[in-house]
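Visitor: based on what follows, work out the 3D shape:
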Amino acid sequence: MYLNTEAKKEIFKKYGKSENDSGTAEGQVALFTERINHLTEHLKKNPKDFGTERSLITLVGKRKKLLKYLEASDIERYRAIIKKLKLRK
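Guide: Below is the predicted model:
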């Protein structure tokens, strides 16, 4: 798989609290964003891969729900993760 344990720990270390803290919303949003970017590139090369397309849509929905939760619970954390990941303009 393209995201091995070391890569995930690096993402959680960069965006979460620590490399072992995979439960924070920021870490999960960052992980989803990495997976979304990977699947988007895959779909550009393989446009008829409908299983991957469905997975991509599911991931986008999960990320949207987490971001909505973050926005409602702590607006500063939401703004920080949006800025770090460059999700919205």
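Visitor: quick one: the helices in the protein?
Guide: 5-15, 25-45, 50-73, 75-85 (DSSP state H).
Visitor: dump those helices to CSV, plus mean pLDDT and mean neighbour count.
Guide: Any C-beta I mention is one placed from the backbone N, CA and C, and that applies to glycine too. Shown next, in CSV, are the helices of the chain (pLDDT from 0 to 100; neighbours: other CB atoms under 10 Å):
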stretch, mean pLDDT, mean neighbour count
helix 5-15, 90, 15
helix 25-45, 95, 17
helix 50-73, 96, 14
helix 75-85, 94, 14
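Visitor: for the residue nearest to the spatial centre of the chain, which non-adjacent residue is closest in space?
Guide: In the chain, the C-alpha nearest the mean C-alpha coordinate belongs to residue 32, at 2.2 Å (CA atoms, centre = their mean). The shortest distance from residue 32 to any non-neighbouring residue, by CB to CB, 6 or more residues apart in numbering, is to residue 63 (4.2 Å).
Visitor: isn't the one you found right next to residue 31, touching?
Guide: No. Residue 63 is beyond contact range of residue 31, at 9.3 Å (criterion: CB atoms under 8 Å).
Visitor: hmm, back to that, thought the residue nearest to the centre of the chain was touching residue 66?
Guide: Yes. If you go by CB under 8 Å, residue 32 and residue 66 touch, sitting 7.3 Å apart.
Visitor: for residue 42, see how far away the residue located most distally from the centre of the chain is.
Guide: Distance from the centre of the chain peaks at residue 48, with 23.5 Å (CA atoms, centre = their mean). Note on residue 48: its distance to residue 42, by CB to CB, to the nearest Å, is 12 Å.
Visitor: same check, this time on residue 12
Guide: Applying CB to CB, the value for residue 12 to residue 42 is 23 Å.
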